[in-house]
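*Asks:* Next input, structure requested:
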Amino acid sequence: MFRCFVSTMTYLLPKKTVHARELSLPQSQNNAWAFVYRVPVKLISVSKDPQRFRINSFTATNCPILTSEEYTRYLEPAVVEDGKIFTDAYPRGYVTETDFDDRDRVKRLMKDLRRLSNDIPALKTFLTMQPASTQGNTRIITFDDIRKFDEFGVPEHIRYPDMYGHDSYIFNRTVHHAPPHPIFTQEEWRNHHCFPRPIGVRSKDHATPQETYDTIMELVTQLYNSEGIDKSKFVGFPLEDRAVHRCRFCGEVVDMSRARSMHGSETNYMELCHRNPNGRFTRDNLYLGHGVCNRMQGGCTEEQIVSNGIRLMRLLEREKDSELFKAAETLAKLLD
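*Replies:* Numbers count the residues shown, from 1 in each chain. Take a look at the predicted model:
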């Protein structure tokens, strides 16, 4: 049993990224990252005889237990002023104590949505898109390799890698509020003292917990106002009534009775779409749209798509008597 004898909440900063299986004591979740380089950690409780420290990282769901030796080796005190926990891992230079609370709000929201999805197939489909998680990265290092590298060093062929390349510092499917990092060159990454352990997420995947909550709620509101949705199923979940939701790319309604999603599928009817594919995870940038429209947009921004459309309109105006125009006109009628 842990007995907290610290009078005020203590925050710390990890000196490196550490996996739960690297810790000497048995952990409740041993297949997860215990804490991440420079991401604030909250001291939950301390026990005596022997001394043990239970902590919780800002980006973790688990609460690993550390020995006093591990506590000293891996963590150092964070500077905290006016509710701000200062760290150079984040663009604004700190994480707030309120951010920890907002993180927990996102967890509760996702739990409530999963419960609700049992009676709403389209919502279940939406949740398979993992809106609370970042994009995947299969090039991330495994724990077995961590253990091998720690014991024998990183082989030279790994230092000039493909498998653990310049983006292997990116976590696979983690929370949006993990620290954002610009793309390193291979030389920058292999010379980083955390190499080859992950340290953050792509800048476009990053969002504060509040931004994550707001974005997911916006997407759920779009789903709620889509065609094919029985709004009475959203019991105890007050959402804004709006005009029927439409895909921003084509302007047509999104019929949720057709929404089925399988990971990796190239034929999903509904997908998470970005107005700017390189923009951040925010409510202004994400929307529910047609999968075919998402694939047509590709890596282009809305502005680029509109610009291309204007050029095509000018082309058609010049070619209105051509076979190209007639073929396009026929296709447009078929699509209508």
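*Asks:* right, and the helix or strand after the one helix or strand in the chain whose mean pLDDT sits lowest?
*Replies:* When each helix and strand of the chain is scored by mean pLDDT, DSSP states H and E, helix 156-159 comes last, with a mean of 62. Using DSSP states H and E, the helix or strand that directly follows helix 156-159 along the chain is strand 180-181.
*Asks:* how far does the next helix-or-strand element following that following strand sit from the chain's center?
*Replies:* Downstream of strand 180-181, the next assigned helix or strand under DSSP H and E is helix 186-190. How far helix 186-190 lies from its chain's middle: 24 Å, per C-alpha atoms, centre = their mean, to the nearest Å.
*Asks:* Show me what the helix or strand just after helix 186-190 pairs with in its sheet, parallel or antiparallel.
*Replies:* Downstream of helix 186-190, the first helix or strand assigned by DSSP H and E is strand 201-202. Its sheet considered, strand 201-202 pairs with strand 180-181 (parallel) by DSSP bridges.
*Asks:* Please enumerate residues in contact with the strand it pairs with?
*Replies:* Residues outside strand 180-181 that contact it (C-beta atoms under 8 Å, 6 or more residues apart in numbering) are Tyr90, Pro91, Tyr169, Ile170, Ile199, Gly200, Val201, Arg202, Ser203, Asp205, His206. Where you see a C-beta, it was placed from the backbone N, CA and C, and this is true even at glycine.
*Asks:* Quick check, the third one in contact with Arg202.
*Replies:* Right, Tyr169. No. Judged on C-beta atoms under 8 Å, Tyr169 makes no contact with Arg202 at a distance of 10.2 Å.
*Asks:* Of these two, give the one with the bigger neighbour count.
*Replies:* Tyr169 (27 against 19; other C-beta atoms under 10 Å).
*Asks:* From the contact counts, what lies against the helix ranked longest in the chain?
*Replies:* Longest helix of the chain, by residue count under DSSP state H: helix 97-116. The contact analysis (3 or more C-beta pairs under 8 Å, 6 or more residues apart in numbering; DSSP states H and E) places helix 97-116 against helix 121-128, helix 209-224.
*Asks:* can those helices go into JSON lines with extra columns for distance to Ile305, mean pLDDT and mean neighbour count?
*Replies:* Conversion of the helices and strands packed on helix 97-116 to JSON lines gives the following (distance: least, C-beta to C-beta, whole Å; pLDDT from 0 to 100; neighbours: other C-beta atoms under 10 Å):
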{"stretch": "helix 121-128", "distance to Ile305": "24", "mean pLDDT": "94", "mean neighbour count": "20"}
{"stretch": "helix 209-224", "distance to Ile305": "20", "mean pLDDT": "98", "mean neighbour count": "20"}
